[in-house]
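Undergrad: kindly generate the corresponding structure for this input.
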Amino acid sequence: MIRKWMLCYWINYVVIILNAILFLSTFISISYLNITPSVISFVICMVPMVFSLVSWSAIRKLDANHVYLDSLFMKKSAASLFTIIVILAWSWWGGGLAVLVGSIVASWAGLFIFWLVGKKDFSCLFPEQKNNVVVPRTRGHEMITSFEINPTTGLPMMGAVDSKGNAYGAPAHEPKIYSDSSSSSRPDNIYDYFSSGNDHYRN
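TA: Numbers count the residues shown, from 1 in each chain. Predicted structure coming up:
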């Protein structure tokens, strides 16, 4: 099933391909001497797409998070597409070799902008990123990356502890539960409890 985030992932490359086909046909129609530089520029523009094709199989496994990815890839695509269109508009306005150079710059700049925007949010979705422990240089509390799961409890981490207050890697707390048989001996308040001789719990 085609998701919105999948379309956002490829929209930049569709624009780059269309632009490359346009300058290829334009320059070749002017003179056959332009075939070599036009083809070279076309190939260089397509290199970022090759990188995306290689990583596509790993990225597509994240489809279970498509609601989150829709928003994330929309943000990535908007920033990248804006960069590509601005550079292409400038290059076609300049004309000549500026079209070829500008198309190459737009292709690579779009790739870098796409992966830089929301990089931290995106990297948290990969399993290999979820067990990283980061110790600040100040030697303060151990901080866990976002979207972290405590392996011993299965609960999400919230800073240095999980949602139930367990430290990373520590077993879950098991609070003592009074049974009905002991309810009769349970004090009504803590003052009565300590005054009855149970001093060993004060510390």
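Undergrad: same question for stretch 109-120: list its buried residues.
TA: Residues of stretch 109-120 classed as buried under the neighbour-count rule (16 or more other Cβ atoms under 10 Å) are 109-111, 113-115, 117-118. No exception for glycine: its C-beta is placed from N, CA and C like everyone else's.
Undergrad: of these, closest to S29?
TA: Proximity of these to S29 was ranked by Cβ to Cβ; the top entry is G110 with 26.2 Å.
Undergrad: list the contacts for that closest one?
TA: Contacts were defined as Cβ atoms under 8 Å, 6 or more residues apart in numbering; by that measure G110 touches 12, 16, 48, 80-81, 83-84.
Undergrad: state the pair within these that is farthest apart.
TA: Largest separation among the contacts of G110 by Cβ to Cβ: P48 and L81, giving 13.6 Å.
Undergrad: name the residue in the two with the higher neighbour count.
TA: The residue with more neighbours, out of P48 and L81, is P48; 21 against 18, by other Cβ atoms under 10 Å.
Undergrad: and the more buried one, helix, strand or coil?
TA: Taking DSSP: H, G, I helix; E, B strand; the rest coil as the rule, one finds P48 in the helix state.
Undergrad: is it true that it touches V105?
TA: No. Between P48 and V105 there is no contact under Cβ atoms under 8 Å: 11.4 Å.
Undergrad: now distance to N166 and pLDDT too, for the buried residues of stretch 109-120, in CSV please.
TA: As requested, the buried residues of stretch 109-120 are arranged in CSV below (distance: Cβ to Cβ, whole Å; pLDDT from 0 to 100):
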residue, distance to N166, pLDDT
A109, 45, 93
G110, 44, 91
L111, 41, 90
I113, 40, 92
F114, 38, 90
W115, 35, 87
V117, 35, 89
G118, 30, 83
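Undergrad: so which of those residues sit within helices?
TA: Where those overlap with helices, as defined by DSSP state H, the overlap consists of 109-111, 113-115.
Undergrad: ranges for the helices of the protein?
TA: In the chain, the segments counted as helices under DSSP H are 4-30, 35-60, 66-94, 97-116, 119-123, 190-195.
Undergrad: pick the most deeply packed of those.
TA: Of those, the one with the most neighbours on average (mean count of other Cβ atoms under 10 Å) is helix 97-116, at a mean of 19.
Undergrad: can you give the contact residues for stretch 87-106?
TA: By Cβ under 8 Å, 6+ apart, the surrounding residues in contact with stretch 87-106 are 15-16, 19-20, 23, 26-27, 37-38, 41, 44-45, 83-84, 109.
Undergrad: picking up where we left off before, pull the most distant pair out of the ones in helices among the buried residues of stretch 109-120.
TA: The span of these, defined through Cβ to Cβ, is set by A109 and W115 at 11.4 Å.
Undergrad: pretty sure Y9 sits against I59.
TA: Yes. Between Y9 and I59 a contact is recorded at 7.3 Å, counting by Cβ under 8 Å.
Undergrad: student question: in this protein, what's the helix or strand with minimum average pLDDT?
TA: Between all helices and strands in the chain, the lowest mean by mean pLDDT, DSSP states H and E belongs to strand 133-134, at a mean of 41.
Undergrad: quick revisit: would JSON lines of the ones in helices among the buried residues of stretch 109-120 with distance to N65 be doable?
TA: As requested, these are arranged in JSON lines below (distance: Cβ to Cβ, whole Å):
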{"residue": "A109", "distance to N65": "27"}
{"residue": "G110", "distance to N65": "24"}
{"residue": "L111", "distance to N65": "22"}
{"residue": "I113", "distance to N65": "22"}
{"residue": "F114", "distance to N65": "18"}
{"residue": "W115", "distance to N65": "18"}
